[in-house]
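Student: how would this look folded up:
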Amino acid sequence: MIRNMEKGDLDWAHDLDCRLFSDSAWEKEDMREAFLPGRRFLVEEGEKPEGWAAMDASGPFAHILSIDVEPDFQGKGLGSSLLFSLLSLARGMGKKKCLLEVSCDNASALRLYKKFGFKTRGRIEGYYPSSDAFIMEKDLEG
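Tutor: Residues are numbered from 1 along each chain as shown. Next up, the predicted model:
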């Protein structure tokens, strides 16, 4: 089940992000932005939270900020489910384009985004402490 993130999820979501991306994890204070206008933070939950995803749709396009899945649940379609939900929300908000940045070294994330039709549009050197990032884009019309 996918639901909106609640304030009670912030500690777990921050902990997961730190475990997955120690050198580029979100600051705990930044996670509070989940509740700003135009932001959408979702949680995939079974018996307990299994993953979360974030998007900023406050501007002219949707911007995927993060998708994190607990290690025990990776490879089971949760990332796809969260991404599909974010893209559906973006379309429902009238967004025509979705952008994201992803580590050039994150093969599983790159596969996921390409599966959903994202195209690489550029590269940012030193975007993450230990790697460059690809800028990826998806047309949400059609």
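Student: ok, and the closest non-adjacent residue to the most centrally placed residue in the chain?
Tutor: Residue closest to the average C-alpha location in the chain (C-alpha atoms, centre = their mean): Ser66, at 2.6 Å. Spatial nearest neighbour of Ser66, chain neighbours left out: Ala54 (4.8 Å); criterion: C-beta to C-beta, 6 or more residues apart in numbering. (Glycine included, C-beta is placed from N, CA and C.)
Student: so which elements touch the helix or strand that contains Phe84?
Tutor: Using DSSP states H and E, Phe84 falls within helix 78-92. Helices and strands touching helix 78-92, by 3 or more C-beta pairs under 8 Å, 6 or more residues apart in numbering; DSSP states H and E, are strand 2-4, strand 39-45, strand 49-56, strand 62-69, strand 97-103, helix 107-115.
Student: stretch 35-54: end-to-end distance?
Tutor: Terminal residues of stretch 35-54 lie 11 Å apart, using C-alpha to C-alpha, to the nearest Å.
Student: Ala53 is in contact with Leu78, isn't it?
Tutor: No: using C-beta atoms under 8 Å, Ala53 makes no contact with Leu78, being 9.3 Å away.
Student: could you find the closest non-adjacent residue to Glu101?
Tutor: The spatial neighbour of Glu101 that comes closest, neighbours along the chain excluded (C-beta to C-beta, 6+ apart), is Ala133 at 4.3 Å.
Student: identify the bridge partners of that neighbour.
Tutor: For Ala133, the beta-bridge partners are Ser103, Ile124 (DSSP bridges).
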